[in-house]
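In: Mind looking at a prediction? Sequence and model below.
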Amino acid sequence: MLENIISGFSGIFTIQGILFMNIGMFAGIIIGAIPGLNANIGIVLALPFTFGMDPITGISMLVAVFCGCNFGGSITAILIRTPGTNSAAATVLDGAPLAEKGYPRKALEMALIASTVGGIISGFALLFLSPQIAKIGLLFGPPEYFALAIFGLSIIAALSGDSIPKGVISGCLGILLATVGVDSITGTMRFIFGNYKLMSGVALVPVLFGLFALTRIFELLNSKDEEAERIEKLKGIKDDKLTLAEVRQQTPNMVFSGVLGVIIGAIPGAGTAIAAFLGYNEAKSKSKHPEKFGTGVLEGIAAPEAANNGAAAATLIPLITLGIPGGSVAATLLGAFMMHGLIPGPSMFTEQAGIIYAIMLSALICNAFMFLQGKFLMPAFKNVSRIPAPLMTVFIIIMVMAGGFAYSNNPFSLNIIIVSGIVAYLINKIGINGVPLLLGLILGPIMESNFRNALSMSDGSFTIFITRPISLVFIVLAVVLIVSLRRKLGKSKKKENVTA
């Protein structure tokens, strides 16, 4: 392995390789920060530029685009409450409140450092642990995926605030939306009410824009006094940089979340968004003050960013070692591999070891370039939060509507954005958080299809979920997390009442 790593270094550390990795990283950050665009679109857009490149340079550039998009999505999530990518949805919960308190740079720097830490952990895992982690991923069948979805839904307890029933209502609404369209197993149409534009289901990205962006617009239109207060706060803060002490305090959180992200990312189909929410949930459940999450705490930024970037390179593990794409981005990269004459799988480690180790090293090295570019561009990023509310409102509307149309090239997506935005605004007014709805929409299809497939495997017996060890572990963990989190929140409330 050492010889292969040395050979990979010589292949990747060329002027051309470093130049195009940086170009890919810059493009990825910008693409990720534009609502509606994502890593998949970024890789597709960059793919034609790699035609004339050698395999190492070309694929390394695409890997850099992927990593850059993961961080870029957090920029708009923090500054304008609009996640640029699905994986940045969890970052909104604490990133945006911290920026609105007058600390946009602190929030962005925390996201950048956490993204770098998670990416480095993921890169090392890809380089040294690929075959072992891929074997774990192969142990997952329908019962394990269903249990993983249940474990993911346990996050609703962390996102429900003071009322679990309201959080459950929101989550169930998201699961209900996930059932709209053609049934993936029977092929029948469900809940389309004669509108054939709903046959493909309710797309995640337009709902994401409605939940976060449109509700933010409604708030800006109805909060002139708050806007004046926000501007005064920004004027009064001369230096909101992240301190070294704060970074040290968050280091255990970032490392744990990064490792968690690697595990989730290595499971085919799990994805970076699930990793981010799980990271957020774990950080909240371990915190001594879980009631502060959602108000702008650094833990709530560090955990999801480290987790989603930890999952990024890990999604390439089953692709490189077994030839199985770990997600939609990995599937696109599979096409890039084949276009450059590479067939991912075990044979690459013997027949083209120098090339594959160079590509795996690029997933590690590009995180250093991400950190350097992020630090250099930070002053420009943070000034977005100083834009006056009227201009910000127009900017968000243009970005969201253009991004929603670009996502599907279908005007119907704009209707979904508007309806979901109005619904989110109304349920927020009655104390129901819209984030569990988003979580239900993400995990609903995974839960439903794998639940039905598992029952088909067991001839209708529910015991399959508790007789398979991995499935049982996830179900037990979900119960333990919910119980422990609610106990902590209960103790925090008692302390507040005693203090009052």
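Out: Alright, I've got the coordinates. Residues are numbered from 1 along each chain as shown.

In: going forward, measure contacts between C-alpha atoms and count neighbours the same way
Out: Will do.

In: Roughly how far does Asn415 sit from Val400?
Out: Separation of Asn415 from Val400 (CA to CA, to the nearest Å) stands at 12 Å.

In: In terms of neighbours, single out the busier of those two.
Out: Val400 (24 against 16; other CA atoms under 10 Å).

In: Isn't Asn281 up against Ile155?
Out: Yes. Taking contacts as CA atoms under 8 Å, Asn281 lies within contact range of Ile155: 5.5 Å.

In: quick one, helices of the stretch 151-300 of the chain?
Out: Using DSSP state H, counting those that start in this stretch, the helices of the stretch 151-300 of the chain run over 156-159, 164-178, 204-209, 215-221, 224-236, 244-265, 272-286, 299-314.

In: tell me the angle of the longest one relative to helix 299-314?
Out: Taking axes from the mean of the first three to the mean of the last three CA atoms, to 10 degrees, helix 244-265 and helix 299-314 form an angle of 40 degrees between their directions.

In: Any regions of the stretch 301-450 of the chain where pLDDT drops low?
Out: For the stretch 301-450 of the chain, applying pLDDT under 70 flags the ranges 324-327, 382, 384-389, 392, 407.

In: Show me the strands in this protein, by range?
Out: For the chain, the strands defined by DSSP state E occupy 181-182, 189-190.

In: and these, which is most packed in?
Out: For the strands of the chain, the largest average neighbour count (mean count of other CA atoms under 10 Å) is found in strand 181-182, namely a mean of 20.

In: That one: partners in the sheet, and parallel or antiparallel?
Out: Paired strands of strand 181-182, with direction, are strand 189-190 (antiparallel) (DSSP bridges).

In: Please state the backbone phi and psi of Ile34?
Out: Ile34 adopts backbone torsions of phi -90, psi 110, taken as degrees, to the nearest 10.

In: if we can go back for a sec, got CSV for the helices of the stretch 151-300 of the chain, with distance to Thr85 too?
Out: Formatted as CSV, those follow (distance: least, CA to CA, whole Å):
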stretch, distance to Thr85
helix 156-159, 20
helix 164-178, 18
helix 204-209, 8
helix 215-221, 17
helix 224-236, 26
helix 244-265, 16
helix 272-286, 9
helix 299-314, 11
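
In: so which of those is the most packed in?
Out: Most buried of the helices of the stretch 151-300 of the chain, by mean neighbour count (mean count of other CA under 10 Å): helix 299-314, with a mean of 36.

In: what's the angle between that one and helix 272-286?
Out: Orientation note: helix 299-314 sits at an angle of 140 degrees relative to helix 272-286 (the same axes, to 10 degrees).

In: what residue is smack in the middle of the protein?
Out: The chain has Ser87 as the residue nearest its centroid, 1.5 Å off, counting by CA atoms, centre = their mean.

In: dump the residue contacts of that one.
Out: Shown in contact with Ser87 (CA atoms under 8 Å, 6 or more residues apart in numbering): Asn70, Gly73, Thr272, Ala273, Ile274, Ala276, Asn308.

In: what do you get if the cut-off is 6 Å, keeping everything else the same?
Out: Each residue near Ser87 by CA atoms under 6 Å, 6 or more residues apart in numbering is listed here: Thr272, Ala273.

In: still on that earlier bit, mean pLDDT for the strands of the chain - can I get that in TSV?
Out: Shown next, in TSV, are the strands of the chain (pLDDT from 0 to 100):
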stretch	mean pLDDT
strand 181-182	85
strand 189-190	88
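
In: closest to Leu342 out of those strands?
Out: Nearest to Leu342 among those is strand 181-182 (35.5 Å), distances taken as CA to CA.

In: Which residues does the closest one contact?
Out: Here strand 181-182 has contacts from Thr188, Met189, Arg190, Leu198, Met199, Ser200, Gly201, using CA under 6 Å, 6+ apart.

In: Buried subset of those residues as a PyMOL selection?
Out: Buried members of the contacts of strand 181-182, defined by 16 or more other CA atoms under 10 Å, are picked up in PyMOL with:
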select buried, resi 189+198+199+201
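
In: any chance of the contacts of strand 181-182 in JSON lines, plus distance to Thr91?
Out: Formatted as JSON lines, these follow (distance: CA to CA, whole Å):
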{"residue": "Thr188", "distance to Thr91": "36"}
{"residue": "Met189", "distance to Thr91": "34"}
{"residue": "Arg190", "distance to Thr91": "33"}
{"residue": "Leu198", "distance to Thr91": "29"}
{"residue": "Met199", "distance to Thr91": "31"}
{"residue": "Ser200", "distance to Thr91": "28"}
{"residue": "Gly201", "distance to Thr91": "26"}
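
In: So which of the contacts of strand 181-182 is the closest to Ile59?
Out: Proximity of the contacts of strand 181-182 to Ile59 (CA to CA) peaks at Ser200, which lies at 31.5 Å.

In: nearest spatial neighbour of Met401, skipping sequence neighbours?
Out: Closest residue to Met401 apart from its sequence neighbours, by CA to CA, 6 or more residues apart in numbering: Leu414 at 6.4 Å.

In: re earlier: what about the residue nearest to the centre of the chain, distance to Thr14?
Out: Distance, Ser87 to Thr14, using CA to CA: 32 Å.

In: returning to what we had before: I'd like to know how many residues surround the residue nearest to Met401.
Out: Neighbour tally, Leu414, other CA under 10 Å: 21.

In: so how many other residues sit close to the residue nearest to Ile120 when sequence neighbours are not counted?
Out: Closest residue in space to Ile120, ignoring its immediate chain neighbours: Leu364 at 5.5 Å, by CA to CA, 6+ apart. If you count neighbours by other CA under 10 Å, Leu364 ends up with 24.

In: Equivalent analysis for Phe349, please.
Out: A count of nearby residues for Phe349, using other CA under 10 Å, gives 17.

In: From Ala33, how far off is the closest residue to Gly95 other than its chain neighbours?
Out: If the residues on either side of it in the chain are set aside, Gly95 comes closest to Ile78, at 4.7 Å by CA to CA, 6+ apart. For Ile78, the distance to Ala33 equals 10 Å [CA to CA].

In: Now that Ile320 has come up, it's in contact with Pro344, right?
Out: Yes. Counting by CA atoms under 6 Å, Ile320 touches Pro344, with 5.0 Å between them.

In: Neighbour count: the two, which is higher?
Out: The residue with more neighbours, out of Ile320 and Pro344, is Ile320; 28 against 21, by other CA under 10 Å.

In: Next one: that one from Ser130, what distance?
Out: Distance from Ile320 to Ser130, by CA to CA: 8 Å.

In: what do you get for Leu439?
Out: Here Leu439 is placed at a distance of 29 Å from Ser130 (CA to CA).

In: the more surrounded of these two?
Out: The neighbour count for Leu439 versus Ser130, taken as other CA under 10 Å, is higher for Leu439 (27 against 21).

In: State the distance from that one to Asn415.
Out: From Leu439 across to Asn415, the span is 21 Å (CA to CA).
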